[in-house]
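J.: Turn this into a structure:
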Amino acid sequence: MPRPKRSKKTEPTTAAEDQASAAEESAPEVTEPEVQQAEKVDNSAERQDALEKLQAEAVRREKEIAALRRQLKVAEGARAGVGENGEDFDEKPPPGKFFHYMVTFHPKRNESDDELVSAGVNGNFMVWQRGVETAIRSDFKEVIDNAFTPKFKQLPGEERKEIGGLKPFTYTIHRRISEDEYNTLKAAGDKALKQHLANQGTPV
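T.: Here you go, the predicted structure:
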C-alpha cells in the first residue's frame, strides 16, 4: 500500500522576514574585486595625507637648516673679521672718520665680570648691555679690543707672577651700519639709560 506523500508546508513567516528576504534577493552582489578597490581608495587617501605631512615637515627642516647655515656663516665670518656681505671688520677707517657696527656682547663668564660693558674714549664714556644687539663706534671697539685683564699666579714664598690674561669683554660682530642708524640707536640707548638711572635713584 503506497505511503502518503509528505507535505512541503513550512513554518509561517512574518511580514518583516518576508521583506528582508526580498531585499536580500534583490540586492546586487558585492564581488571581491570591488571590495579590494574600495580598500585601495581608502588607503590611497591615507597615503596622500601622510605624504603631504612628510613634505611639509621636510620644507620646515630645510628652512631650519638654511637658517643654521646662515648663522654659522656669520659666526665664522665674525671670527675671521669678515661680515656676511663681505665687509672687512678689521679695516681701519680713514683719519678723522669712524665705522659703526652692530654687535652682541657675550654673557658674563663668572661672577666677577661686570653686568654691563663700558669703555671710554677721550673723556666720552659709553655703556652697553650684554646679550642683545647693540651699536658701537669703531674707536670704542678698538678700546674694547685692546682691553686686557691680567691673570696672576702666586706660590708660597714666591712673588706673584703674571701668567697671561683675558679680554674682559668679548662680542660677536654682526654687520656694519650707517652713521645715521648708529646715531638713532645711540639716542634711544642714551634715553633708556637715563630713565634707568632715574628709576634706580628713586626711593622705594
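
J.: Show the low-confidence segments of the protein, by residue range.
T.: Where the chain drops to pLDDT under 70, the residues are 1-42, 70-86, 152, 162-165, 201-204.

J.: For it, which segments count as helices?
T.: 15-26, 32-79, 138-146, 179-201 (DSSP state H).

J.: Need the residues that contact the third one.
T.: In this structure, residues lying in contact with helix 138-146 by CB atoms under 8 Å, 6 or more residues apart in numbering are 92-93, 98-101, 103, 117, 119-121, 126, 136, 167, 169, 171. C-betas here are computed from N, CA, C, even on glycine.

J.: and stretch 44-56, C-alpha only, in PDB?
T.: Coordinates of the C-alpha atoms in stretch 44-56 are reproduced here as PDB (Å, rounded to 0.1, in the frame of the first residue of the first chain):
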ATOM      1  CA  SER A  44      45.300  56.000  -1.300                       C
ATOM      2  CA  ALA A  45      43.700  58.900   0.600                       C
ATOM      3  CA  GLU A  46      45.600  58.000   3.800                       C
ATOM      4  CA  ARG A  47      48.900  57.700   1.900                       C
ATOM      5  CA  GLN A  48      48.300  61.100   0.200                       C
ATOM      6  CA  ASP A  49      47.700  62.700   3.600                       C
ATOM      7  CA  ALA A  50      50.800  61.100   5.100                       C
ATOM      8  CA  LEU A  51      52.800  62.200   2.100                       C
ATOM      9  CA  GLU A  52      51.700  65.800   2.400                       C
ATOM     10  CA  LYS A  53      52.600  65.800   6.100                       C
ATOM     11  CA  LEU A  54      56.100  64.500   5.300                       C
ATOM     12  CA  GLN A  55      56.600  67.100   2.600                       C
ATOM     13  CA  ALA A  56      55.600  69.900   5.000                       C
END
